[in-house]
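Q: 3D, please:
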Amino acid sequence: MAILTTKSAIKHYLGSKDCGILQSDIYHVPYPAKPNVSPFCKNRATLLEALSSGGRHGFDEPYVGKGCTYRWFSTSEICMILERFSAVVFLGDETAQAIYAALNVFLREDISHGGLQEWMMTDDERIACKCDAQFLDNNCLGYSVKSFEEVIKNEANDPKGSPYACQRTPHAYIPFMTTPASSAAIATFQSLAYQKPDPWQPTPVIFSLGHRFSHDMKFSVDSINEWIGITNGAERNIPILLLGPTAYGVSRQSSNDGNMEIWKYQEELNRIAPDKHMDILRLWNLTIQASSMDGERYGEKVALVQAMMVINWLAKLETS
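A: A predicted model of the protein is given here:
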């Protein structure tokens, strides 16, 4: 397969060499099948279907969309995309958390610790939690950045770690375990979506219901309905991207049966998403040929790709 060469947007990131993550290892742009035809997806619908249906040309090879693919934006381009919105909210399980951490890696241009509140960590913890460990190690995940305010406050009070390249648009990860959701989760969402000045600016939501919820369709529908009701109260445009579950990796026992269950659950989500006026990005294809330490969690390379796919979705949203 012929590949278009692209200039690396992450080579200058802190820790790129130390963590062994090169853009060419995780991102390739194939030459278009027809001359003078862009390899990049034209609109939101084709983008999401291409990324949901794509594949890898070998285990852990770069993931490419089917028929068209996504762009790899520079940090300045990511900032311009975010500035079109009132806020950006990530909701749900560990997949949403990992993607939000990867967004922070981009915005802080720090591959080694960009997803962490490293100012709260000891020197030994910083060493133990760099690179992949910030996405995989339970001892490190407790330090994950959960909102842009955490980084902003650190910059203002006692600056340690990497600052944001831009900070005009608020963003946060809001976990929830139950439906109805906790009052704290709802209040955090409302503080981001309900109280911002410009009602014409959308507040996109990235919503993940993965392995934590045991692929329970009733719980999923109840939770989706609850959060749609909450978003409606904001009286602004809140586009929602529903994330399909990741596949189980080869290290997980009974992965074949488990992956069949995940596939069926994903297809159910795919069926109901249009009725709920939600976009959907299915992550099964992306992760079925990716390395996983425990069969469920994937490392920084996968998280960066997932985050860039979400950024591409944001770039395709209408803002007026």
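Q: quick one: the helices in the stretch 151-300 of the chain?
A: Assigned by DSSP state H, counting those that start in this stretch, the stretch 151-300 of the chain shows helices spanning 183-193, 217-232, 255-272, 284-288, 300-316.
Q: show me what the second one is packed against.
A: Right, the one you point to is helix 217-232. helix 183-193, strand 205-208, strand 240-243, helix 255-272 (3 or more Cβ pairs under 8 Å, 6 or more residues apart in numbering; DSSP states H and E). C-beta here means a position set from N, CA and C on the backbone, and glycine is covered the same way.
Q: redo that, cut-off 7 Å
A: Contacts defined by 3 or more Cβ pairs under 7 Å, 6 or more residues apart in numbering; DSSP states H and E place helix 217-232 against helix 183-193, helix 255-272.
Q: just send those helices back as a markdown table, with mean neighbour count too.
A: What follows is the helices and strands packed on helix 217-232, written out as a markdown table (neighbours: other Cβ atoms under 10 Å):
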| stretch | mean neighbour count |
| --- | --- |
| helix 183-193 | 17 |
| helix 255-272 | 16 |
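Q: identify whichever of these lies nearest to Gly54.
A: Among these, helix 255-272 comes nearest to Gly54, with 14.5 Å by Cβ to Cβ.
Q: and the nearest residue to Cys19 once chain neighbours are set aside, backbone torsions?
A: For Cys19, ignoring the flanking residues on the chain, the nearest one in space by Cβ to Cβ, 6 or more residues apart in numbering is Cys131 at 3.8 Å. According to degrees, to the nearest 10, the main-chain angles of Cys131 amount to phi 60, psi -130.
Q: contacting residues for the spatially closest residue to Pro199 that is not a sequence neighbour?
A: Spatial nearest neighbour of Pro199, excluding adjacent residues (Cβ to Cβ, 6+ apart): Arg236 at 5.0 Å. Arg236 makes contacts with 86, 199, 202-203, as judged by Cβ atoms under 7 Å, 6 or more residues apart in numbering.
Q: which stretch in the helices of the stretch 151-300 of the chain has the least confidence?
A: Ranked by mean pLDDT, these bottom out at helix 255-272, which scores a mean of 84.
Q: and that one, what does it pack onto?
A: Counting contacts by 3+ Cβ pairs under 7 Å, 6+ apart, helix 255-272 is packed against helix 217-232, helix 284-288.
Q: from the chain's centroid, how far away is it?
A: Centre-to-centre, helix 255-272 and its host chain are 20 Å apart (Cα atoms, centre = their mean, to the nearest Å).
Q: give me the distance between Glu296 and Pro30.
A: For Glu296, the distance to Pro30 equals 30 Å [Cβ to Cβ, to the nearest Å].
Q: circling back to that earlier point, with distance to Tyr173 added, can I get the helices of the stretch 151-300 of the chain in CSV?
A: Shown next, in CSV, are the helices of the stretch 151-300 of the chain (distance: least, Cβ to Cβ, whole Å):
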stretch, distance to Tyr173
helix 183-193, 10
helix 217-232, 14
helix 255-272, 20
helix 284-288, 19
helix 300-316, 12
